[in-house]
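Asker: A predicted structure for the sequence below; I have some questions about it.
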Amino acid sequence: MSIDGKVEKVVDRPIRLGMVGGGRGGYIGAVHRMAVRLDRRFELVAGAFSSNSEIAQLSGADLGIAADRTYTDFREMARAEAKRPDGIEAVAIVTPNHLHYEACKAFLSAGIHVICDKPMTTTLADAHRLVELVESTGLVFALTQNNTGYPMVRQARAMVREGLLGNLRMIRVSYAQDWLTTLLEADGHKQASWRMDPAQAGDGGAVADIGVHAFNLVQYITGLQLQSVCADLQSFGSGRRLDDNANVLLRYEEGVRGTLWASQVAPGNNNALTVGIYGDRGGLEWNGEANDYLRYTPFGEPPRLITRSGPGANAVAAACSRMPAGHPEGYVEGFANLYADAAAAILARRAGVREIDDTFQGADAGLAGMRFITACVASHRAGAAWVDVERDAV
């Protein structure tokens, strides 16, 4: 059991999980596997870890996966696992972006629940198709925008909905990194190479890789619908085909205005995701590198620093916290909370219940992210003109 029994609820039988991508040399697949192990709701039993047969088999052996359930083709995996009495019930898609749609489609069509990394697809048209497929199958589709798994982000969401900030007015969100300051892709760096390749990443670089995280964080906390964007995208790396820096003005419904900065070429920033939400009664600020804390300032009063599992933390935050105050939680635990959400939805399906908790992010959130990316690219190509989300961006 976890401390105070707040998170861990061991089910009678773990959900049988497969994985597409995440083989040797991969990064995000290992993070997903660590997250899966925290609460023991899933058991990894199959995978198409690489299209290279040698890497696939070695990766499967590393993870203790049976050789006959280690595949090199995700379509073959979907067909084979769907026929097995002990086949996987859910699959985690942790590949480069260009494979997301086809992999999701293959497993949903085989009757298998899907947990997919962001962005959901590389085109808006494919995002619409995937939403329709999820709706027609009735299967669970979970989007792993990991920042929405942090307890203080969930508390911020609850506080906004409670009306503690009053009528929202302004939003400031930024996501700054420095790892692409030099041309890593020119030296064959795996992560840099596919992220700067339009054929694998899609039309967006930094705006799709980290900008969509910033956009999604705002949408998750506020529930506001984005109406239009004015985006100025840059490629500071000489010869880069995709942006490595993005400055975006945001217009939301109800007259709310915002700014978004996403950069992977800002020296001195490791993974600096920050957000501020401001209304006529108060403001909230959160920093992903100090994710256990939430700064709340009622107008005219001194700021209050709310600590996860400490004074001021609410029931929403407590429900997804594992450690007591002062014992930091972080990145892997955030992912683990998303897997816990997915498990709850899948177990509900087992029981014949389709409703999903409103903290859950599914295909609709993936579609919203693609609308944002597509609108930003369209705005940039139009000389940083204002572009209505969806209507002008298709």
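Answerer: Cool, got the structure.

Asker: what stretches of the stretch 251-394 of the chain score poorly on pLDDT?
Answerer: Applying pLDDT under 70 to the stretch 251-394 of the chain picks out residues 391-394.

Asker: how about the strands in it?
Answerer: With DSSP state E, counting those that start in this stretch as the criterion, the stretch 251-394 of the chain has strands at 257-263, 272-279, 282-287, 293-298, 304-307, 386-388.

Asker: how about the shortest one: buried residues?
Answerer: Neighbour-count burial for strand 386-388 flags residue 387 (criterion: 16 or more other CB atoms under 10 Å). Where you see a C-beta, it was placed from the backbone N, CA and C, and this is true even at glycine.

Asker: quick one: strands adjacent to that strand?
Answerer: strand 226-234 (antiparallel) (DSSP bridges).

Asker: How about the longest one?
Answerer: Applying DSSP bridges, strand 272-279 is found paired with strand 168-176 (antiparallel), strand 282-287 (antiparallel).

Asker: Taking strand 257-263 as reference, get the angle to that strand.
Answerer: Interaxial angle, strand 272-279 versus strand 257-263 (axes from the mean of the first three to the mean of the last three CA atoms, to 10 degrees): 180 degrees.

Asker: Next, the angle from strand 272-279 to strand 293-298.
Answerer: Strand 272-279 and strand 293-298 are oriented at 20 degrees to each other (the same axes, to 10 degrees).

Asker: Residues touching strand 272-279, excluding its own?
Answerer: Strand 272-279 is contacted by residues 147, 156, 160, 165-177, 210, 213-214, 217-218, 221-222, 266, 283-289 when judged by CB atoms under 8 Å, 6 or more residues apart in numbering.

Asker: And those, which of them are buried?
Answerer: Using 16+ other CB under 10 Å as the burial test, the contacts of strand 272-279 include 147, 156, 160, 165, 168-169, 171-177, 210, 213-214, 217-218, 221-222, 266, 283-288 as buried.

Asker: ok, residue 155 - how many residues close by?
Answerer: 26 (other CB atoms under 10 Å).

Asker: tell me the average confidence for the helix or strand where it lies?
Answerer: Per DSSP states H and E: residue 155 is located in helix 151-162. Across helix 151-162, the average pLDDT comes to 98.

Asker: before we move on, what about stretch 41-54?
Answerer: Across stretch 41-54, pLDDT averages out at 96.

Asker: Begin at 13 from now on, thanks
Answerer: Noted, 13 is the first residue going forward, which turns the last one into stretch 53-66.

Asker: buried residues in it?
Answerer: With burial defined by 16+ other CB under 10 Å, the residues of stretch 53-66 counted as buried are 53, 54, 56, 57, 58, 59, 60, 61, 62.

Asker: all helices of the stretch 213-362 of the chain, in order?
Answerer: Using DSSP state H, counting those that start in this stretch, the helices found in the stretch 213-362 of the chain span residues 218, 224-234, 327-331, 343-362.

Asker: mind giving me TSV with those helices and columns for distance to residue 287?
Answerer: Formatted as TSV, the helices of the stretch 213-362 of the chain follow (distance: least, CB to CB, whole Å):
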stretch	distance to residue 287
helix 218	17
helix 224-234	6
helix 327-331	16
helix 343-362	15
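
Asker: list the buried ones in stretch 263-278?
Answerer: Across stretch 263-278, burial judged by 16+ other CB under 10 Å covers 263, 264, 268, 270, 272, 273, 274, 275, 276, 277, 278.

Asker: And the second one, how close does it get to residue 227?
Answerer: This means residue 264. 11 Å (CB to CB, to the nearest Å).

Asker: Common neighbours of those two, please.
Answerer: With contacts taken as CB under 8 Å, 6+ apart, residue 264 and residue 227 have residue 238 as neighbours in common.
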